[in-house]
Structures are given as structure tokens and as C-alpha cells.
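# here are the coordinates; sequence isn't available:
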């Protein structure tokens, strides 16, 4: 069964905006609360969470139930026998300018900030970021950024800060891990396709059983209409982020191992080295899709305890550009559909 192009487009868009930027080339500590941010204890989080992803990303709604903000979490973990604290800081890779200003202020409070970037060890993003407009995901991120009036993480985060430390794999290291498992690009591609088809068939079967009347993905006309209405598109994508559940499960075991598990394992090794150096306030700054796995590693492997979460607004869902920056949104849609239908 072939995945409908429009359904793949929605999944691809959600994946590109909050997972794995490295494949493309005032917040505060508890002693200084952040204005307009919301905190909740670990117990409160446990009562309200619905999926693994919802612990690290959520929609804020008004009293009428309308979405007003897409928020990401800063989740704090503490050691029982020392003053070590580690914060997981979830990223959305395009966001409001103020979102990145707040994150930059937050980062200045840590001894070390471990960040993701699939690149040779020690690589730092140059000031102002970099781009690869020929890469489909990079092109899609750039297009969405212009449409929604948002900013790029790679351009707005200060990766030149003295306390930033690269904590990811290089393309060569990823290839070596693939080879160690007996994989090649061909076997990974075939396995990933089988995983995606399996997940699609399961989701369709469950939807037919539990929600026979549930609306399907928007059709071409509806998507073109939303591409011309930035605020509606913004709300739709925010809903896609938070309703899709645990993205690592949607990736399937093959891509989850390659994109999440291998890279998180490398990041935790850097974290352990950083702790041995004597640093006590450490942040891990990664895409939200990585955080459920990090949560398990911090609580299980390092025996840390999650104590609270602070929520930060990444997208304001009450405002968007009045006019679309793209002159022909239908051309963009069909270009993407042609690419993902190959």
C-alpha cells in the first residue's frame, strides 16, 4: 500500500520542523522565575500526560478551547546525592523570534549546553546559521518559515557561545554504526519502508475500528486554501505536532535506531564526560522527538529524578503574517507532492 502523498506531506512537514536539524546542515532556573512561563511538578505532569511527546510539547488553549500557543518543555532532572542538575530543552526548529531570544538567555545560565548537529566532532554552527536550499527538508523548513512569519533555530541560536558543546554523531560515525549492524543504505531504506507501511496499515486499521467517522487528511483544495491562510496553517501544523504521539514510534524501529537511539547514546556519553569534568548545571538541547528517549536514559542509566517542567511558547497561535510571503502556494504544494511521490 502506497502512502497517500498528502498524508506523507503532513508527516514530512511535522518531522522537518521539530526533529533532527543536524541532518540539514527570559527563561530561568527556579531561583529566578520566567515571566509568562508555566511550571508544573513532575506529579502534575504525570497526571496530565497522554503520550511520550506530550511531556515535552503541548498546545496551550484559552477558556473556549481554542489553541493559543505551541509550547515546548524545559524538564529538570536532579541527582539524589549531589547538586547535579540536567535540563532537557526541547527544540522546534522554526519558531518565534522571542522564543529563541529566551532560549539564548536560558543557555547562559548553564555550565555546559550539549547540542545536536550531525557533523564532525566539535563542529559549531557559524553565526547566522547555514542553509542547504537543495535539500528537500531544508527547502521545506525555509518555505514554512517564510509562510508562517517565524525564524530559524540555526540562525537565531548563538552556537558560538563559550559553553556550547557538540554532542552528536558525524555522518561517518552514523555510517559506521550502520555497518556494525550489518546494514547498508539499501537495507536501511528497505527496512524503513517496511516499518512505515506497517505503521500506516496499523494506524488505518485502528482508525477504522475506533473512529470510523473520523475525518481524513485534508484534500488538495483544502491544503492550498490553508497555504494561503498562514494562521490556519500554523494551527494545523501545531496540532499535527502534538496529536501525532511519540514520533519515535512513527519512525519505526529502523529509523528510530538511526535517527534517535544512536545519536542520543552518543550525546549521553558526552554528558557523562561533562559530569566527570565537574560541571553541575548542564542542558541538553535537542529536537523534541529525542526527549522521550533521553528521559529514559537520564532516569534509568544515570539515576536522575525528574522534578519539574517549565513551558515555553515556541509559536504564538493567535497571530501570523497578513500576507503570504510565497507568491504561488499551490506551486509549492505540488512541488512537494511530486518529490514525496517519487
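Good, I have the coordinates. Computed from a prediction, not measured in an experiment: that's the story for all the values here.
# please make it C-alpha for all contacts and neighbour counts, starting now.
Fine.
# the host helix or strand of residue 236 packs against which elements?
Element membership of residue 236 [criterion: DSSP states H and E] is helix 230-243. Contacts defined by 3 or more C-alpha pairs under 8 Å, 6 or more residues apart in numbering; DSSP states H and E place helix 230-243 against helix 5-18, strand 57-61, helix 136-148, helix 220-227.
# what mean pLDDT does that helix get?
Averaged over helix 230-243, pLDDT sits at 80.
# ok, the helix or strand where residue 314 lies: who's next to it in the sheet?
Per DSSP H and E, residue 314 falls inside strand 305-316. Take DSSP bridges as the rule and strand 305-316 pairs in its sheet with strand 38-41 (antiparallel), strand 67-78 (antiparallel).
# among these, which gets the worst mean confidence?
Looking at the strands paired with strand 305-316, the weakest mean confidence is strand 38-41, a mean of 52.
# quick check: residue 263 touching residue 170?
No. Contact criterion C-alpha atoms under 8 Å: residue 263 and residue 170 do not qualify, at 9.3 Å.
# look at the two and report which has more neighbours.
residue 263 (23 against 19; other C-alpha atoms under 10 Å).
# may I have the secondary structure class of that one?
Following DSSP: H, G, I helix; E, B strand; the rest coil, we place residue 263 in the helix state.
# which strand residues bridge residue 94?
residue 152.
# low-confidence stretches in the stretch 101-250 of the chain?
129-143, 188, 192, 195-196, 199-200, 203, 207, 211-228, 243-250 (pLDDT under 70).
# can you pull out the helices in it?
136-148, 153-156, 171-180, 185-210, 220-227, 230-243, 247-255 (DSSP state H, counting those that start in this stretch).
# how far away is the closest residue in space to residue 72 that isn't next to it in sequence from residue 153?
Distances taken as C-alpha to C-alpha, 6 or more residues apart in numbering put residue 57 closest to residue 72, at 4.5 Å, once the chain neighbours are dropped. Residue 57 is 17 Å from residue 153, where distance means C-alpha to C-alpha, to the nearest Å.
# of these two, who's got more company?
In this view residue 57 and residue 153 are compared by other C-alpha under 10 Å, and residue 57 has more residues nearby, 27 against 21.
# surely the more buried one and residue 290 touch.
No. With contact defined as C-alpha under 8 Å, residue 57 does not reach residue 290; the gap is 11.7 Å.
# residue 312: neighbour count?
Neighbourhood size, residue 312 [other C-alpha under 10 Å]: 26.
# and what of residue 175?
Neighbour tally, residue 175, other C-alpha under 10 Å: 15.
# likewise for residue 271?
Count around residue 271 with other C-alpha under 10 Å applied: 22.
# looks to me like it is in a helix.
Yes. Secondary structure assignment (three-state DSSP) places residue 271 inside a helix.
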